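**Q** for reference, the sequence and a predicted model appear below.
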Amino acid sequence: MEARIRVLIAKPGLDGHDRGAKVVARGLRDAGMEVVYTGLHRTPEQIVRAAVDEDVDVVGISVLSGAHDRLVPEVVSGLRAEGRGDALVLVGGIIPDADVPALRAAGVHLVFGPGTTLEHIVEAIRAGVGNRDQALAGTSPTR
């Protein structure tokens, strides 16, 4: 039996809008993934601790406040420091196109903007985790 993908959905900083994060969390659960939701107003350190403690495959960060350029790199750095640099880091929310390259350079795997379908997010997570697992096993990805 194949292990279920474990996903952490996090809301860093002072952003108090979590409807989108909750919709994504439910959609991922409906797709058969295990989902842990951290709740609102988490620090990067709290997000990293939860990701390590829950042994997740994916860390999804929802940011609508504009603080993504500071908070998200702190999460990625913290995951690496804790030996969890293999976790896929995804960001969703209101992210200006001009900020995406810096997030990608910091270690974010994918950035999802408004209007992204749940199907696309599920497919991207499955492909990303599958490619990561193949790379760790020493085989080449199929896509």
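**A** Perfect, I can see it now.
**Q** list the contacts of residue 8.
**A** Residue 8 is in contact with 35-38, 47, 50-51, 54, 56, 58-60, counting by C-beta atoms under 8 Å, 6 or more residues apart in numbering. (C-beta placed from N, C-alpha, C; glycine too.)
**Q** pick out the most distant pair among those.
**A** Put simply, by C-beta to C-beta the two of the contacts of residue 8 set farthest apart are 35 and 47, 14.4 Å from each other.
**Q** from the middle of its chain, how far away would stretch 79-88 be?
**A** Remark: stretch 79-88 is offset 12 Å from the chain centroid, using C-alpha atoms, centre = their mean, to the nearest Å.
**Q** would you list every one of the helices in this protein?
**A** Along the chain, counting by DSSP state H, helices occupy 19-30, 44-54, 68-81, 100-106, 118-137.
**Q** distance of the residue positioned nearest the centre of the chain relative to residue 8?
**A** With distances taken as C-alpha atoms, centre = their mean, residue 60 lies nearest the centre of the chain, 2.2 Å away. Taking C-beta to C-beta, to the nearest Å as the criterion, residue 60 is separated from residue 8 by 7 Å.
**Q** for the chain, what helix or strand is lowest in average pLDDT?
**A** helix 118-137 (a mean of 85; mean pLDDT, DSSP states H and E).
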